[in-house]
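Trainee: Quick one: sequence plus predicted model below, questions after.
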Amino acid sequence: MRLAAFLLLLAPLLSPLATPAADIRIARDGMVFSVGVRDAEGVTAFYAARGFPKAMLDTIGRTCFVGIGIVNERRDTLWLELANWRFIGADGREISRIGRPEWDRRWAKMNAPLAARATFDWTQLPESRDLQPGEPVAGNVALAAPYGEFSLTARFRTGGGEAIEIAVPGLRCEGDRR
């Protein structure tokens, strides 16, 4: 029931960022993990509707956003730590993730409005977070736009000391965003 309520709450907020047909849902090890590469046009429109300036929209439009949703259905804590996730291109090279410090530098350089920065930050998946039993989290992970297919390996720790790894192959950013 909590998951259904969470999804109903989240759907209107992130629907412009979604590409439902491409989303992958994995339920195992006491968690539900959803992943989907976001459509550049939809992402840009989402932020444009919130009054973002053109310079921010141009930067956002050249970025690959991977939408992530996680629900902890375990009886113990599940630790989200993006530093333990890897995005690997078809050539075997790691794809750079664009974290909050880099976004902050970019936004400061273009003197982006503080309200737009806060809104953008709100839509990103937290860098680190403990998920208590029944707790969900969702947001985007920004990548330097890769060419071709790439995979995600997401690693989690649990309160019981267990390590969980989820691998998602076959992801692809649409078109050339460079």
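Mentor: All right, it came through fine. Residues are numbered from 1 along each chain as shown.

Trainee: By average pLDDT, which secondary structure element in the chain comes out worst?
Mentor: helix 2-14 (a mean of 43; mean pLDDT, DSSP states H and E).

Trainee: Which residue comes closest to Glu162 once chain neighbours are left out?
Mentor: Asp29 (7.9 Å; Cβ to Cβ, 6 or more residues apart in numbering). All C-beta atoms are positioned from the backbone trio N, CA, C, and that covers glycine.

Trainee: Assign a three-state SS to the residue nearest to the spatial centre of the chain, would you?
Mentor: With distances taken as Cα atoms, centre = their mean, the chain has Asn140 as the residue nearest its mean C-alpha position (2.3 Å). Judged by DSSP: H, G, I helix; E, B strand; the rest coil, the three-state class of Asn140 is strand.

Trainee: How about the residue in the chain that sits furthest from its center?
Mentor: Centroid-distance maximum for the chain: Gly160 at 25.6 Å, with Cα atoms, centre = their mean.

Trainee: Can you tell me how far the residue nearest to the centre of the chain is from Gly159?
Mentor: 26 Å (Cβ to Cβ, to the nearest Å).

Trainee: Could you do Ala27 as well?
Mentor: 19 Å.

Trainee: now the chain, which segments are flagged as low pLDDT?
Mentor: With pLDDT under 70 as the threshold, the chain has low-confidence stretches at 1-22, 175-178.
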